[in-house]
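K.L.:
have a look; sequence and predicted model below, questions after that.
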Amino acid sequence: MVSIRSKVINSIKKDGSVMVKVTPHKHCIVCGKAVEPEEVFCSEECKQKYESARKRQWIPFVIFFVLMIILIAYSFMAV
Ligand SMILES: [Zn+2]
């Protein structure tokens with residue numbers, strides 16, 4: 001709350017005129033460039049980067065899951 005208020009004050013110049021408002025925008029979740037509010041990526045390249053990164057995120061989970069199954073199966077076999 002306090003930081004928002006101080007930002008508003010900072011955007012007002014000493015002569016009382018308000019500086020140009022920052023147009024509503026978002027930032028590309030890959031590279032951080034400003035994009036349109038309805039956009040998530042600045043370019044097709046960033047979209048593909050994100051998609052491939054998201055796909056790769058699954059790999060450690062799959063490995064972990066497979067290892068758990070192997071461990072559980074092994075513990076059952078050992079009994
Ligand atoms: Zn980008």
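P.N.:
The structure has been received and is ready for your questions.

K.L.:
which one's the longest helix in this protein?
P.N.:
In the chain, ranked by residue count with DSSP state H as the criterion, the top helix is helix 44-78.

K.L.:
the spatially most central residue of the chain: what's it in contact with?
P.N.:
Of all residues in the chain, the one closest to the mean position by C-alpha atoms, centre = their mean is Ile29, 4.7 Å from it. By C-beta atoms under 8 Å, 6 or more residues apart in numbering, the contact list for Ile29 reads 40-41, 46, 50. The way it works is simple: take the backbone N, C-alpha and C, and place the C-beta from them, glycine included.

K.L.:
which among those residues end up buried?
P.N.:
41, 46, 50 (16 or more other C-beta atoms under 10 Å).

K.L.:
does Lys49 touch Val30 like I think?
P.N.:
Yes: contact criterion C-beta atoms under 8 Å: Lys49 and Val30 qualify, at 5.2 Å.

K.L.:
pull the helix or strand with minimum mean pLDDT from this structure.
P.N.:
helix 2-10 (a mean of 52; mean pLDDT, DSSP states H and E).

K.L.:
what comes into contact with the helix or strand that that helix is followed by?
P.N.:
Once helix 2-10 ends, the next helix or strand along the chain (criterion: DSSP states H and E) is strand 26-27. By C-beta under 8 Å, 6+ apart, the residues outside strand 26-27 that reach it are 33-37, 39-40.

K.L.:
which of the residues you listed sits closest to the ion?
P.N.:
Comparing those against the ion with C-beta to the ion picks out Lys33 as the nearest, at 4.9 Å.

K.L.:
and for the closest one, the neighbour number?
P.N.:
The tally of other residues near Lys33 (other C-beta atoms under 10 Å) stands at 13.
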